[in-house]
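**Student:** Based on what follows, work out the 3D shape:
(2 chains)
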Number of protein chains: 2
Amino acid sequence: MVKLKNDRFLKALLRQPVDKTPVWVMRQAGRYLPEYRKLKTKVRDFMTLCATPELACEITIQPLRRFDLDAAIIFSDILTIPDAMGLGLHFIPDKGPRFDKYICSAADIKALSVPDIEDSLSYVMDAIRMARREIDGKVPLIGFSGSPWTLACYMVEEGSSKYFSKVKGMMFEAPEQMHMLLNLLTKSVTAYLNAQIIAGAQVIMLFDTWGGILSSEKYQQFSLYYMHQIVQSLNRKFEGHIVPVILFTKGGGQWLEVMANTGVDAIGLDWTTNLSLARHLIGDKVALQGNMDPCVLYASSDRIRQEVSSVLASFGKAKTGHIFNLGHGIHPTIDPEKVRLLVNLVHCLSEPFHQ
Amino acid sequence: MVKLKNDRFLKALLRQPVDKTPVWVMRQAGRYLPEYRKLKTKVRDFMTLCATPELACEITIQPLRRFDLDAAIIFSDILTIPDAMGLGLHFIPDKGPRFDKYICSAADIKALSVPDIEDSLSYVMDAIRMARREIDGKVPLIGFSGSPWTLACYMVEEGSSKYFSKVKGMMFEAPEQMHMLLNLLTKSVTAYLNAQIIAGAQVIMLFDTWGGILSSEKYQQFSLYYMHQIVQSLNRKFEGHIVPVILFTKGGGQWLEVMANTGVDAIGLDWTTNLSLARHLIGDKVALQGNMDPCVLYASSDRIRQEVSSVLASFGKAKTGHIFNLGHGIHPTIDPEKVRLLVNLVHCLSEPFHQ
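**Tutor:** Model (predicted):
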């Protein structure tokens, strides 16, 4: 194991003192980078990028070559698991992910099984191994998966949804059926993330993109319950190193206390949640990751500086426990130079908070 | 003034004891009703329905003929004000509202002025007067408007938006420009709602559909600040009657305390907020309206009964202060019989809570 040259991100996740607030950017490896877009023109489709370890590794590294980021995240998609289950994932330009078949009935669910991770998702582990070699201990590498509820949303709804009426229809009308699906996904996600840890992922993040469309009660029953199981079943100590886990429910600002009680190391926050209020609610139990509105990056340098200061100040003077990030993935139309500015501003402006 | 035959809704808004929990449904006058769809085929477009008082009145009454609702809401659209400002509102089937021109610059904003309500929006007041005569004191009539921030979102973004990058871009980059627009809209909305009260609206509701896309800080500066001004400037006593005001920020569950401090009578909640937690936070200062997930109405009668019970129980045993509603507008594909069931269930199952 190479010793990390920059362990600021890991330290902040474990609430150990750091010199500066670490920063990375959700979707930092992706469409806003010209070198990514160039590479994309050479392949048939998005899934080819994910499923070709050399390409996924290259894309993972691209933002590290440009910016002084404190973490890398493996380039992949949250929907690799349903694809490995045989649903047939593809991407329609300007529309997003689609499957060849969808889950409509109990029979459809019964026909599914936990995929053989080492077989059907070996391309992800290969990409992680390659990326670890390439990164060479510069910064830690994050592995990830969609949450069971989020995967279920995509597997049941056909295409993007305004109301999520199909997946919610199943949840309200046939809750036991939905639980069957979520159980299966929980087993799959756990196996998948543990395989990522063995392959070299040093931090794990669970993306619960659609937990926030649920009521408080249903969120706990249908999303958090399963993420809790996953958090408890991960190999969070690997080769003597702690593997911290981050939980991110978009729109989950009302449920921080129950999220913190799952035993995660950090909670990702979107920009609707005030960081000082979040700290007040859950104390130093977990680290907080976030939470600048990605739209700030459309503004001028002066305005970006103001907003970065404001996010840092809202977390307040604590020697650790904050990882700066956007509150959601970076938009594809952002100028990469704005990311350079962001990263430098966070490092520069955060120093006084850690003294 | 005709004395109200059913004043359950008004009483609950003013936290006076009621025999049963009052219930109405956001978008109860609209597309899920066959008689509405039939009427719609006879006109050129959606705006003709809004701008023809006889039709708007008829649509307002339609759900009252079918169901034992405790309130009526005038049929109109939240975007009548920008239309009256000359932006030219029209609706594209399956896509939603569009304007002929959008607000892109300070010059565009300077060219706008507060519309002459009695002139350009007289059709709304006429519809309210007609509907009041038709309803004949059966239940109270709600008047409404979009919030300044929500109107600004539609006026700046072109069409539906995933990221709201244009309106947020303006907010971050040129906040004084955005404030200029919001000031103008605040004056317009205030004049508009006061005219609705004079015409006969007995309750006022402010729909802040897009406040929830903001950070906590920006919500207070760019949305709540202006709604607060409106609430303070409304003629809330008219001809000896109190005119209660309801504030609804979709996705505003994290900001209930500051919303309650505006002096409103009630807060509308979407389904992500737990009612008992909301009561715990803001006490009996304001009434709460909501908050069943509209998707519940896709389920069977038994499941609907369970969810209605669950919403009533989460508010708990209090003699008043709860108005049952969905957490968002009813979906167009819902069977009207499910609304009948819902209304009857709320009345029937809520009685024990008021004894």
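
**Student:** what about the residue of chain A most remote from its centre, which helix or strand?
**Tutor:** Note on chain A: the largest C-alpha distance from the chain mean falls to residue A:107, namely 31.0 Å (Cα atoms, centre = their mean). Assigned by DSSP states H and E, residue A:107 belongs to helix A:106-110.

**Student:** Now do the buried residues in that helix.
**Tutor:** By 16 or more other Cβ atoms under 10 Å in any protein chain shown, the buried positions in helix A:106-110 come out as A:108, A:109. C-betas here are computed from N, CA, C, even on glycine.

**Student:** can you check stretch A:154-161 too?
**Tutor:** A:154, A:155, A:156, A:157, A:161.

**Student:** what helices or strands is the helix or strand where residue A:279 lies leaning on?
**Tutor:** Using DSSP H and E, residue A:279 sits within helix A:275-282. Under the contact definition 3 or more Cβ pairs under 8 Å, 6 or more residues apart in numbering or on different chains; DSSP states H and E, helix A:275-282 sits against helix A:256-260, strand A:287-292, helix A:301-315.

**Student:** Tell me which residues are up against that helix.
**Tutor:** For helix A:275-282, contacts defined as Cβ atoms under 8 Å, 6 or more residues apart in numbering or on different chains pick out A:253, A:256-257, A:260, A:267, A:269, A:288, A:290-291, A:311, A:314-316, A:318, A:321-322, B:216, B:254.

**Student:** relative to strand A:287-292, how tilted is that helix?
**Tutor:** 150 degrees (axes from the mean of the first three to the mean of the last three Cα atoms, to 10 degrees).

**Student:** Can you give me the pLDDT of residue A:162?
**Tutor:** pLDDT, residue A:162: 83.

**Student:** And it, how far from chain B?
**Tutor:** Here residue A:162 is placed at a distance of 9 Å from chain B (Cβ to the nearest Cβ, to the nearest Å).

**Student:** Just the buried residues of the longest helix anywhere in chain A, please?
**Tutor:** In chain A, assigned by DSSP state H, the helix with the most residues is helix A:175-199. In terms of neighbour count (16+ other Cβ under 10 Å), helix A:175-199 has its buried residues at A:175, A:177-179, A:181-182, A:184-197, A:199.

**Student:** CA atoms only for whatever helix or strand comes next after that helix - export them in CSV, please.
**Tutor:** Once helix A:175-199 ends, the next helix or strand along the chain (criterion: DSSP H and E) is strand A:203-208. C-alpha atoms of strand A:203-208 as CSV (Å, rounded to 0.1, in the frame of the first residue of the first chain):
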residue,chain,number,x,y,z
VAL,A,203,-13.8,5.8,0.5
ILE,A,204,-17.3,4.7,-0.3
MET,A,205,-20.2,7.0,-1.2
LEU,A,206,-23.9,6.0,-1.5
PHE,A,207,-25.8,8.2,-3.9
ASP,A,208,-29.5,8.3,-2.8
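
**Student:** Chain B contacts on the stretch 201-350 of chain A?
**Tutor:** A:212-219, A:251, A:253-254, A:271-274, A:277, A:291, A:293-296, A:298-300, A:303, A:307, A:310, A:314, A:327, A:331, A:333 (Cβ under 8 Å from any Cβ of the partner chain).

**Student:** Only the buried subset of those, as a PyMOL command please.
**Tutor:** Only the buried entries of those go into this PyMOL selection, using 16+ other Cβ under 10 Å:
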select buried, chain A and resi 212+213+214+215+216+218+219+251+253+254+271+272+273+274+291+293+294+295+296+298+299+303+307+314+327+331
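
**Student:** Just the ones of the residues of the stretch 201-350 of chain A next to chain B in strands?
**Tutor:** residue A:291 (DSSP state E).

**Student:** Tell me how many other residues crowd residue A:165.
**Tutor:** Neighbour count for residue A:165, taken as other Cβ atoms under 10 Å in any protein chain shown: 18.

**Student:** Please read the previous query as pertaining to residue A:35.
**Tutor:** Using other Cβ under 10 Å, residue A:35 has 14 other residues around it.
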